[in-house]
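S.K.: 3D model of this:
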Amino acid sequence: MTKSELIAQLAQENPHLRQPDIEAIVATIFEEIIAALSRGDRVELRGFGAFSAKQREARTGRNPRTGAAVAVDGKAVPYFKPGKELRERVNGGAPQPLAPEARKPAIKGAGAKVA
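M.R.: Next up, the predicted model:
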């Protein structure tokens, strides 16, 4: 599913919302996740999973064309760990709609955990 498909699906399921509003909501959620990861925070979406940034150490790599050694700098990479409910549903569990309180995400302060 692409971002535009997600927006279209949400618009179809929520006819009382305007499409530009849905686009703004989706963009805001993604931007907040990106901002939290950029700060080094962890983002947890209960029942879905957790996003975090893992640090990779500097290493010596190889140029695949020449075989020459190349220095690769250390960097942070995004990491996603699926939650229990997501794993169960992907592995054949019966799909169940989220509880009403789970449909209303609220971004909290430091750590940007979403309940």
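S.K.: Strands of the chain, start to end?
M.R.: 43-45, 49-56, 59-62, 69-72, 75-82 (DSSP state E).
S.K.: Just give me how far the last one sits from the chain centre.
M.R.: It stands for strand 75-82. 9 Å (C-alpha atoms, centre = their mean, to the nearest Å).
S.K.: so what strands line up beside it?
M.R.: When pairing is defined by DSSP bridges, strand 75-82 lines up against strand 49-56 (antiparallel).
S.K.: re earlier: which of the strands of the chain sits closest to residue 18?
M.R.: strand 43-45 (24.7 Å; C-beta to C-beta). Where C-beta positions appear, they are placed from N, C-alpha and C, glycine not excepted.
S.K.: pLDDT of the closest one, averaged?
M.R.: For strand 43-45, mean pLDDT is 95.
S.K.: by contact count, what packs against it?
M.R.: Here strand 43-45 touches helix 19-39, strand 49-56, going by 3 or more C-beta pairs under 8 Å, 6 or more residues apart in numbering; DSSP states H and E.
S.K.: Distance of the residue nearest in space to the middle of the chain relative to residue 2?
M.R.: Closest residue to the average C-alpha location of the chain: residue 51 at 5.7 Å, with C-alpha atoms, centre = their mean. Between residue 51 and residue 2 the distance, using C-beta to C-beta, to the nearest Å, works out to 19 Å.
S.K.: before we move on, the earlier item: out of the strands of the chain, deepest packed?
M.R.: strand 43-45 (a mean of 19; mean count of other C-beta atoms under 10 Å).
S.K.: Which residue ranges make up each domain of the chain?
M.R.: Annotated domains of the chain cover 1-39, 41-115 [automatic domain parsing].
S.K.: least reliable of these going by mean pLDDT?
M.R.: domain 41-115 (a mean of 82).
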